[in-house]
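Engineer: Here is the input, now give the coordinates:
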Amino acid sequence: MNGQLSIGQFARARGVRLETIRYYERIGLMISPPRTSGGHRVYEAEHLRRLAFIRRGRELAFSLEDIRELLVIAGQDGPVCGKVAKVAGPHLANVRRKIADLKRFEAMLAQALSACTGSMPAPECPVLSMLADEIAA
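Structural biologist: Numbers count the residues shown, from 1 in each chain. Here you go, the predicted structure:
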């Protein structure tokens with residue numbers, strides 16, 4: 001295939017579903033690939049690199065809009081770190097907030113679970129009680 005991949009080969013090479021690739025193309029994150037005379041998409045190395053960038057961004061919990069902005073910045077010449085920091089800085093703050101929330105949730109659950117004897121009826125179970133208290137709050 002001369003270094004070119006069909007959409008199925010492309011999806012398998014990156015471990016994503018066909019629908020994901022089509023969606024990224026539809027919203028403009030992925031550059032639409034050229035097509036064969038039969039209308040089939042043909043992906044090349046640049047598409048693989050771009051999808052890897054998008055997937056890594058999603059793994060790091062960046063929003064699709066942040067990834068779009070980072071892709072634009074990545075394609076620019078000259079100093080770009082300041083522009084990247086404007087996107088990544090607020091994202092880092094959000095990640096830190098989520099970590100703090102998770103730590104708080106972990107402590108609450110650990111405390112309730114440590115008080116759970118395994119022989120209490122439903123209304124007295126500390127974990128179920130904690131969940132009911134959160135719903136009522």
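
Engineer: spatially speaking, which residue is in the middle of this structure?
Structural biologist: The residue lying closest to the centre of the chain (Cα atoms, centre = their mean) is Arg58, at 2.6 Å.

Engineer: What sits closest to that one if chain neighbours are left out?
Structural biologist: Distances taken as Cβ to Cβ, 6 or more residues apart in numbering put Ile67 closest to Arg58, at 7.2 Å, once the chain neighbours are dropped. C-beta coordinates here come from the backbone N, C-alpha and C atoms, glycine included.

Engineer: Is that neighbour in a helix, a strand, or coil?
Structural biologist: helix (DSSP: H, G, I helix; E, B strand; the rest coil).

Engineer: Isn't it up against Leu29?
Structural biologist: Yes. Between Ile67 and Leu29 there is a contact under Cβ atoms under 8 Å: 6.6 Å.

Engineer: list residues touching both of the two?
Structural biologist: The contact sets of Ile67 and Leu29 overlap at Ile54 (Cβ atoms under 8 Å, 6 or more residues apart in numbering).

Engineer: which secondary structure elements does the helix or strand encompassing Pro90 contact?
Structural biologist: Element membership for Pro90, per DSSP states H and E: helix 81-114. On a contact count with 3 or more Cβ pairs under 8 Å, 6 or more residues apart in numbering; DSSP states H and E, helix 81-114 meets helix 64-74, helix 126-136.

Engineer: For the lowest-mean-pLDDT helix or strand in the chain, which outside residues touch it?
Structural biologist: In the chain, no helix or strand scores lower on mean pLDDT, DSSP states H and E than helix 126-136, which sits at a mean of 75. The contact list for helix 126-136, computed with Cβ under 8 Å, 6+ apart, reads 108-109, 111-113, 115-116, 120, 122-123.
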